[in-house]
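In: Build me a model:
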Amino acid sequence: MSEEPVRDRREWLRQAAQGSAALACGAALPGGLARAAAHLNVSVVPQFQPVELQRTWGPALERLEQELGVHFNLRIAKDIPAFEDDFKNGRSDLVFLNPYHMVMARKAQAYEPVVRDVTPLAGLLVVHKDDPIRSVQDLKGKDIAFPAPNAFGASLWIRALLHEQHKVPFQAVYARTHTNAYRQVLVGRAAAAGGIRATLDREPDEVRKQLRVLIETPAVPPHPLAVHPKVSPTLRVGLVKAFERWRGDAAGLALLQGIQMPRPVAASYARDYAPLEKLRLEKYVE
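Out: As a prediction, the model looks like this:
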């Protein structure tokens with residue numbers, strides 16, 4: 001007997017099993033997720049190197065596929081400006097983005113935040129532990145590394161505070177990722193670097209031990225997962241419920257920690273992100 005019919009049957013059985021699981025999951029939610037779009041693009045802010053984003057978000061999206069019956073295509077932009085161009089033009093259905101990016105995405109394409117972590121986000125300005133710098137005034141005229149102009153906690157808000165509150169002139173150097181910004185300090189190419197607690201905590205011990213936090217910004221609600229208006233309300237509810245369920249098992253919790261949402265809750269633009277519009281950061285957006 002030819003192996004071809006056997007192979008075809010195995011493929012048919014695999015697809016049938018996937019379809020049954022999707023229908024079962026969809027039937028458990030209002031409206032049925034089986035009627036949602038078959039393929040959705042997901043874009044994640046490139047705080048880390050692409051291999052790290054694939055390592056953390058890849059398995060999380062695979063589990064969502066199994067539970068929601070929708071295929072997710074992970075899009076990893078080469079840098080934050082390219083990521084911004086992606087959501088400003090509505091190319092992705094789901095976007096994991098920083099708080100001020102949420103404001104920008106809302107204005108550009110009416111994206112809506114659906115889920116976020118409970119832990120607030122604060123920006124950090126770090127220096128080398130052995131550097132004599134003790135206050136932001138010591139940074140006058142020096143190079144400061146940032147991931148990108150519009151990285152909220154790690155760049156945008158820090159730059160605004162240095163200019164508006166501390167009156168400190170400096171030269172901004174954009175390193176493309178948080179990881180690169182921290183290393184600019186370690187190799188002596190920058191006097192300080194902007195970052196956030198989540199990315200600093202994920203650095204190897206040998207990196208963290210060489211850095212010292214100089215200042216920390218006030219805290220705001222953290223990065224949300226937002227959806228484009230074309231994403232169905234049913235799927236929005238399904239995403240929130242899925243993340244909440246994951247808190248109940250070890251494997252799910254590990255996935256949540258990987259994507260920086262260990263304690264997910266439903267997000268609201270009016271409550272969580274609209275207040276950022278009052279910070280008047282537009283003149284620092286590049």
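In: CA only for contacts and neighbour counts going forward, please
Out: Noted.
In: and Asn89, what does it touch?
Out: Contact analysis of Asn89 by Cα atoms under 8 Å, 6 or more residues apart in numbering lists 108-109.
In: What are the boundaries of the strands in the stretch 101-250 of the chain?
Out: Secondary structure of the stretch 101-250 of the chain by DSSP state E, counting those that start in this stretch: the strands cover 112-117, 123-128, 143-146, 171-174, 192-196, 211-216, 224-227.
In: Could you give the separation of the one helix or strand Val95 maps to from the chain centroid?
Out: Element membership of Val95, judged by DSSP states H and E, is strand 94-96. For strand 94-96, the distance from its own C-alpha centre to the chain's C-alpha centre is 8 Å (Cα atoms, centre = their mean, to the nearest Å).
In: Can you name the residues in contact with that strand?
Out: Contacts for strand 94-96 (Cα under 8 Å, 6+ apart): 40-45, 87, 223-228.
In: any low-confidence regions in the stretch 51-200 of the chain?
Out: Within the stretch 51-200 of the chain, not a single segment meets pLDDT under 70.
In: ok, which stretches of it are helices?
Out: For the stretch 51-200 of the chain, the helices identified by DSSP state H, counting those that start in this stretch occupy 80-88, 99-109, 157-164, 178-186, 197-201, in order along the chain.
In: okay, the ones you listed in CSV with mean neighbour count next?
Out: Formatted as CSV, these follow (neighbours: other Cα atoms under 10 Å):
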stretch, mean neighbour count
helix 80-88, 18
helix 99-109, 20
helix 157-164, 18
helix 178-186, 23
helix 197-201, 15
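In: Please point out which parts of stretch 59-76 sit buried.
Out: 60-61, 64-65, 67-76 (16 or more other Cα atoms under 10 Å).
In: From the contacts of strand 94-96, list just the buried residues.
Out: For the contacts of strand 94-96, buried by 16+ other Cα under 10 Å: 40, 42-45, 87, 223-228.
In: of all those residues, which two lie farthest apart?
Out: Leu40 and His223 (19.7 Å; Cα to Cα).
In: Could you export the buried ones among the contacts of strand 94-96 as TSV, including distance to Ala108?
Out: TSV is the format used below for the buried ones among the contacts of strand 94-96 (distance: Cα to Cα, whole Å):
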residue	distance to Ala108
Leu40	19
Val42	17
Ser43	16
Val44	17
Val45	17
Phe87	8
His223	18
Pro224	16
Leu225	16
Ala226	13
Val227	13
His228	11
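In: export the helices of the stretch 51-200 of the chain to TSV and tack on distance to Leu125?
Out: Output for the helices of the stretch 51-200 of the chain, formatted as TSV (distance: least, Cα to Cα, whole Å):
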stretch	distance to Leu125
helix 80-88	19
helix 99-109	18
helix 157-164	8
helix 178-186	10
helix 197-201	10
